[in-house]
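A.B. asks: Got a predicted structure plus its sequence, pasted below:
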Amino acid sequence: MRDAAAVVGLAESEYSKWGTLTRCTEYQLALEVIVAAVADAGLTMDDVDGFASFSNDRNEFCFVATDLGVPEVRYADLTWITGGGGACAAIGNAAMAIATGTASCVVVYRSIAMGQFRRFGRALAGDVQGVRPLDAALGFALPMGVLNATIGMALLVRRHMHLYGTTTEHLGHVAVTFRRHANRNPRAVMHARPMTLADHAAAPRIVDPFGLFDCCLETDGACALVLVSAERARDLRRRPVYVTAAAQGTGPRWGAGAWAMHYMPEEDYATGNTQRLGRTLWRSAGVGPADVDCAQIYDHYSGMVLLQLEDLGFCPRGEGGPFAASGALAWPNGALPTNTAGGSLSEAYIHGLNHVVEAVKQLRGTAVNQVSDAELCLVASGSGIPTSAALLRR
Amino acid sequence: MNDYFPPGLPLPSITEDTRPFWDACRRRTLSVQRCTACGAFRHPPAPVCWRCRDFAHEWVAVSGRGTIFTHAVVHRAFLPALESRVPYTVVLVALDDAPGVRILSNLVEARPDQVRIGLPVEVVFEDVTAEVTVPRFRPRPEA
């Protein structure tokens, strides 16, 4: 399906701190960005015949299609790839649906107003007394105070520090670089909040080795993208951004992911669980890491970005920290400008779908921190869990 | 009741597959599932062997000794019940006599700043309720 489908429309709501987007419901946000993304593509709701999302998005396609008067839905997908790992899987699934002729125009969306439901940084709610496999697994985490992803991912990053000498200052380079990108992005929640390495080091500890600025934002917002076939894309108003490759999956014995489960093989520990799907991605695209002009990498925690950079072959195993400290991730002069809108650490936490939006902007040439002549952008979704990644090109 | 945590943390969900583990904890024994066909240990408990796909298994009492594989110190109270309990230490313990098995737990009888990867530990059991006993780990003298 290389380059068979293209992103031709996108839209974002305003992004704001959790609890501050009060003008409408999370569901209305979803509807607004879907309508706006279809309009951005120069299409109408009569053209739309597919929907894809991820992570148990509450705004189910059947209500969306009903309320927007979509005449016929031919494809609807909510991926099983876990949580924020699912953003690129939803994009890849939409591209597959188009490549196979199952659908002709698929909208990928995610609306997540934490203030209206649940802050992800809080503990998982209540006793988990069901009999699902997940309930059984959580019984070996929650009673030990392993209550959210921050704790689970801190365990992975601590091991990485032990094995490779990664430091909290390395984590700081990730956080500060993305903050600088956000400071130039008026849409970013942290737009007006500069941060230095000293600020990062002085921040309150949350879960050691993570301080406050190593942890992503908790926000309200939504975004959507519209995909059609490459052939149809050429006749539309926006410059097409092709899905060159998409890959999804998980490695052996990763279970639901490191937010709760730590039983993967030792050689997988202190990775982001993206090394295998990374190889699939490069092989199916026929390109390698050196061909990439910029990257959007899921940054729920600063340290996890380092693990994904290694998994995906942008630097050798164990050298993610020095790679970040070298300035490689910084726009405009780094070797791999990364999270050029600020990412989840400093733009907004739309569960990684905003990373796809930023990749499309880069390839359209409309990003606020535009990488000159960007032709190929990598997007990686959540790490340390079953996840996905995609390569987009113009 | 004596516990590392004040009341208010979630209790484990005890299912058909996990009940023998939790029952053994109440007897102050750390018990791990092992495939009777190929001998592979597995945790958390599951109906089938991940290595040979045989459904037959046994429960093996282990020594409860292990080493800390990784750790995290939790400074933020993610539940109201924990406000007076932070910071606390989460550890992932690799068990000495069940190859490949790691257990998420807490380091007791030690300050958070005493935790380190490679620290030898041994299991202790804490009664959380009349029905639930949870394994925690404490430092043991270097062998």
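C.D. replies: Everything's here; your move.
A.B. asks: Tell me where the chain has strands.
C.D. replies: You didn't pick a chain, so chain A it is. A:5-12, A:16-17, A:50-53, A:75-78, A:105-113, A:205-208, A:210-211, A:219-229, A:241-249, A:294-297, A:376-380, A:387-393 (DSSP state E).
A.B. asks: you looked at the wrong chain, it should be chain B
C.D. replies: B:30-35, B:41-42, B:57-62, B:65-74, B:88-95, B:102-106, B:120-127, B:133-139.
A.B. asks: looking at those strands, which is closest to chain A?
C.D. replies: strand B:65-74 (3.8 Å; C-beta to the nearest C-beta). Where C-beta positions appear, they are placed from N, C-alpha and C, glycine not excepted.
A.B. asks: circling back: to A:Ala41, which of the strands of chain B lies closest?
C.D. replies: Checking the strands of chain B against A:Ala41 by C-beta to C-beta gives strand B:65-74 as the closest, at 44.3 Å.
A.B. asks: sorry, back to before: need the strands of chain B in CSV (columns: mean pLDDT, distance to A:Gln308 and mean neighbour count).
C.D. replies: Converted to CSV, those look like this (pLDDT from 0 to 100; distance: least, C-beta to C-beta, whole Å; neighbours: other C-beta atoms under 10 Å in any protein chain shown):
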stretch, mean pLDDT, distance to A:Gln308, mean neighbour count
strand B:30-35, 98, 32, 22
strand B:41-42, 96, 28, 20
strand B:57-62, 98, 35, 16
strand B:65-74, 98, 18, 23
strand B:88-95, 98, 21, 24
strand B:102-106, 98, 22, 25
strand B:120-127, 97, 31, 18
strand B:133-139, 98, 31, 21
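A.B. asks: Determine which of the ones you listed approaches A:Leu353 most closely.
C.D. replies: Using C-beta to C-beta, these put strand B:65-74 closest to A:Leu353, at 28.0 Å.
A.B. asks: Could you list every helix and strand that that closest one packs against?
C.D. replies: helix A:149-164, strand A:205-208, strand B:88-95, strand B:120-127 (3 or more C-beta pairs under 8 Å, 6 or more residues apart in numbering or on different chains; DSSP states H and E).
A.B. asks: In contact with the closest residue to A:Arg205 other than its chain neighbours, which residues?
C.D. replies: Spatial nearest neighbour of A:Arg205, excluding adjacent residues (C-beta to C-beta, 6 or more residues apart in numbering or on different chains): B:His75 at 4.1 Å. Counting by C-beta atoms under 8 Å, 6 or more residues apart in numbering or on different chains, B:His75 touches A:Pro204, A:Arg205, A:Ile206, A:Val207, A:Asp208, B:Val86, B:Pro87.
A.B. asks: Dump those residues to JSON lines, plus pLDDT and distance to A:Met1.
C.D. replies: JSON lines is the format used below for the contacts of B:His75 (pLDDT from 0 to 100; distance: C-beta to C-beta, whole Å):
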{"residue": "A:Pro204", "pLDDT": "98", "distance to A:Met1": "46"}
{"residue": "A:Arg205", "pLDDT": "98", "distance to A:Met1": "45"}
{"residue": "A:Ile206", "pLDDT": "98", "distance to A:Met1": "41"}
{"residue": "A:Val207", "pLDDT": "98", "distance to A:Met1": "40"}
{"residue": "A:Asp208", "pLDDT": "98", "distance to A:Met1": "43"}
{"residue": "B:Val86", "pLDDT": "97", "distance to A:Met1": "49"}
{"residue": "B:Pro87", "pLDDT": "98", "distance to A:Met1": "49"}
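A.B. asks: so which of the residues you listed comes closest to A:Leu329?
C.D. replies: Closest to A:Leu329, out of all of those and judged by C-beta to C-beta, is A:Ile206, at 21.9 Å.
A.B. asks: Does the closest one touch A:Leu212 like I think?
C.D. replies: Yes. The criterion here is C-beta atoms under 8 Å, and A:Ile206 meets it with A:Leu212 at 5.7 Å.
A.B. asks: What is the burial count for the residue of chain B found nearest chain A?
C.D. replies: Nearest residue of chain B to chain A (C-beta to the nearest C-beta) works out as B:Pro12 at 3.1 Å. B:Pro12: 24 surrounding residues under other C-beta atoms under 10 Å in any protein chain shown.
A.B. asks: What separation do you get for it and A:Arg279?
C.D. replies: Per C-beta to C-beta, to the nearest Å, B:Pro12 is found 37 Å from A:Arg279.
A.B. asks: what do you get for B:Gln33?
C.D. replies: For B:Gln33, the distance to A:Arg279 - C-beta to C-beta - is 32 Å.
A.B. asks: what about the helices and strands packed on strand B:65-74, which gets the closest to A:Ala324?
C.D. replies: Comparison of the helices and strands packed on strand B:65-74 against A:Ala324 by C-beta to C-beta identifies helix A:149-164 as nearest, at 12.5 Å.
A.B. asks: ok, and does that closest one reach over to chain B?
C.D. replies: Yes. Applying C-beta under 8 Å from any C-beta of the partner chain, one finds helix A:149-164 touching chain B at A:Thr150, A:Ile151, A:Ala154, A:Leu155, A:Leu156, A:Arg158, A:Arg159, A:His162.
A.B. asks: Please apply the same query to stretch A:292-309.
C.D. replies: No. Remark: stretch A:292-309 sits outside contact range of chain B, by C-beta under 8 Å from any C-beta, the gap being at least 11.3 Å.
A.B. asks: residues touching A:Ser284, list them.
C.D. replies: Counting by C-beta under 8 Å, 6+ apart, A:Ser284 makes contact with A:Arg2, A:Ala245, A:Ala247.
A.B. asks: I misspoke; the intended subject was A:His181.
C.D. replies: A:His181 is in contact with A:Ala188, A:Trp331, A:Asn339, A:Thr340, A:Ala341, A:Gly342, A:Gly343, A:Ser346, A:Glu347, A:Asn369, counting by C-beta under 8 Å, 6+ apart.
A.B. asks: swap the cut-off to 6 Å and go again
C.D. replies: Taking C-beta atoms under 6 Å, 6 or more residues apart in numbering or on different chains as the contact definition, A:His181 lies against A:Trp331, A:Thr340, A:Gly342, A:Asn369.
A.B. asks: Closest one of the residues you listed to chain B?
C.D. replies: Of those, the one sitting nearest to chain B (C-beta to the nearest C-beta) turns out to be A:Gly342, at 22.9 Å.
A.B. asks: Settle this for me: that closest one is touching A:Val176, isn't it.
C.D. replies: No. The pair A:Gly342 / A:Val176 is not scored as a contact, 11.5 Å apart, by C-beta atoms under 6 Å.
A.B. asks: Which one's more surrounded, these two?
C.D. replies: A:Gly342 (30 against 24).
A.B. asks: Contact partners for A:Leu142?
C.D. replies: B:Pro10.
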